[in-house]
Every structure is written in structure tokens, then in C-alpha cells.
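Student: give me a 3D structure for the following:
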Amino acid sequence: MWKKLKENLKNTSSSFKDKITHLFHKKKLTLDDIDTLEETLIVSDISVSVTTEIIKQVNQQLKKVKEDTYDLTHLLFDVMKNFLPPPSSIPQPSKDQLNIIIFIGVNGSGKTTSIGKLGHYWKNHNYSIEYASCDTFRAAAPEQLKIWAERSHIQVHEGLPQQDPASVAYGAIQKAKKNQSNMLLVDTSGRLHNNQNLMEELLKIYKTIQKQVSPEQITVLCTLDATTGQNGLKQIQTFNQYIPLSGLILTKIDGTAKGGIILSLWDNLKIPVMALADGEKIDDILDFEPQSFLKAMLGFEQENA
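Tutor: Next up is the predicted model:
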């Protein structure tokens, strides 16, 4: 896991270290050095409020150590780990009930790909899986989901073109119950968080599902493209206002130099990151281990360093 995580975050760690390498061996940091560190944190997608507090704590720690004995990378880790979310992992719900996993997110954030990866993961953990394609307005959506489904031999329920997505979800639940499956993954259409009509459509799907199963049977996962930066905070905040999010799947982490979004998300919203997704391979998904993530982001060579 460490090797893969380090590879995924090499853009972030390279960008981070390139900007502050010249500070690593200085016996004392000047005000200009602190400004450079602050700028590097913000450019890495750590919010201004979190960055300000990190810098404050770094300054406090620097006053406690001798000028020639501290290691800036480890000092940063010791401070920044206080802003990380707790460890979390891919959900493992009870197999004695039908669990509905709803996937939401903006266009192109990796919802369908994440369904394919998680469906494969859960099937390998002996869940009986079905998919519901509730994106009825994008012609290619059901076909895209079917490609992933075929790779894991999972059944897909789809509606007619332009059919009410909530009715597709309802029908899929009835079939999953009849088949005695214990997991139904619901693919919804991508939508901008500021499109009220589409957000209301999403709420309708959620309310329809609420009427069919008990609350503990519902998990809502929102996919977030790691390359979107601070705009991702607004996306997640708006989705969470309409539907209570159970957790986040951070996608495309291999394509960004800004892994600091993790710290900003937790500071602002307190919604756990449950998985990290990257690449197109069906097993390219990881549990989120926050301290390992931070070490990879800071460029540690060894996980236990």
C-alpha cells in the first residue's frame, strides 16, 4: 500500500519539496522562510485558516528545539498530523440486509469508475452485488456502467431513456430484494452543485430510497476529483446540505500536485475520506490511512520513518 500511495502522491511531494528543500538544512528559519512555507502549504490546497494554524504551531515548536537539531520534514509531520481526519476504510456493511450505496458527485469526478472498483472490491469480499444505472439522461451512462459490471460479472438494472431516475432506483431495489442481494450500488448522473433542479432530482432519489429501507442500510458516497482544488470544498458542502454524506472517495490523486485538500475537507466539513482512487485498473482503490497519506505527501522515503 505504501509504495502505491507514494507513487500516487509523487506530484504533490515533488511540488512540496521543490519549494522548501532549501529550508531543510537551515539552522534557523527567517521570516521569509516562514512566508515560503506558508505559501507552499496554500498552493498545496491547504486552506488559509488551516495553514495559519499550522504555521503558528510550527513557530511554537521551533522555539522549543535547538537551532541545529530539528528536522523540518518531521516537525511539519508532527504538526500537520493534528489536522488530519481519523483513519477510515472502505465500508463493510452487514451481509444480513440489503445495503444501498448511493454515489453522487459533479460531472467527471469518477463516480462510475469508483462504482466499478468498489463493486469489484466488495464482490471479492463475498457480497452479492447489483448495480442501478440512474443516469437516464446521458445516453452512454448505462453502457459505461455495464463495461465495469461485465468485468466483475455483476447485474445492472437500467431504465428507459429519460425515465425518472427515482423510479429506476425504486425498481432496482425491488429486484435486489427479490434476488436476496445484500448490496445495491446506485449510479447517479453527474451534476453541478449549483444546479438546483438537478440537486432536487438527487434529493428525490434519496427520499425514494429512504422509503424502501431503514437508515442504517443507506450509505451516501460523494466522489471528489482531487485536482479541483478549493472549489471541491464548496461542492461537498452543497451536496451535504441536500443529502447527508457518509463519506468521500478522493479520485485522481495521481494527477494532482495538491494533496492538501484532505486537511481542508476535514477542517471545514468533518466528513471522512473512505477511499482513495486513481488510475483505470479495477483494483486501483485504497483505504484511507491519514498518517501514511501525509508522509507520502511530505516525501518521506519510508512509511515508518
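Student: now stretch 114-123: buried residues?
Tutor: 114-122 (16 or more other CB atoms under 10 Å). All C-beta atoms are positioned from the backbone trio N, CA, C, and that covers glycine.
Student: adding secondary structure, write those out as JSON lines.
Tutor: Compiled in JSON lines, those are given as follows (DSSP: H, G, I helix; E, B strand; the rest coil):
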{"residue": "114", "secondary structure": "helix"}
{"residue": "115", "secondary structure": "helix"}
{"residue": "116", "secondary structure": "helix"}
{"residue": "117", "secondary structure": "helix"}
{"residue": "118", "secondary structure": "helix"}
{"residue": "119", "secondary structure": "helix"}
{"residue": "120", "secondary structure": "helix"}
{"residue": "121", "secondary structure": "helix"}
{"residue": "122", "secondary structure": "helix"}
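Student: who's residue 185 bridged to?
Tutor: residue 101, residue 131 (DSSP bridges).
Student: and it, what does it touch?
Tutor: 101, 103, 115, 118-119, 129-132 (CB atoms under 8 Å, 6 or more residues apart in numbering).
Student: pLDDT score assigned to it?
Tutor: For residue 185, the pLDDT comes out at 98.
Student: tell me how far it lies from residue 117.
Tutor: 11 Å (CB to CB, to the nearest Å).
Student: which neighbouring elements make contact with the helix or strand containing residue 166?
Tutor: Assessed by DSSP states H and E, residue 166 sits inside helix 165-178. Counting contacts by 3 or more CB pairs under 8 Å, 6 or more residues apart in numbering; DSSP states H and E, helix 165-178 is packed against strand 129-133, strand 155-158, strand 183-187, helix 196-210.
Student: quick revisit: which one of the buried residues of stretch 114-123 is nearest residue 158?
Tutor: When the buried residues of stretch 114-123 are ranked by distance to residue 158 (CB to CB), residue 115 comes first, at 13.3 Å.
Student: now do the same for that closest one: its pLDDT.
Tutor: Reported pLDDT for residue 115: 96.
Student: what residues does it make contact with?
Tutor: Residue 115 sits next to 103, 131, 145, 148, 185, 187 when contact means CB under 8 Å, 6+ apart.
Student: next one: residue 102
Tutor: 186, 188, 205-206, 209, 218-221, 243.
Student: and with 10 Å instead?
Tutor: Contact analysis of residue 102 by CB atoms under 10 Å, 6 or more residues apart in numbering lists 132, 134, 169, 184-188, 202, 205-206, 209, 218-222, 243, 245-246.
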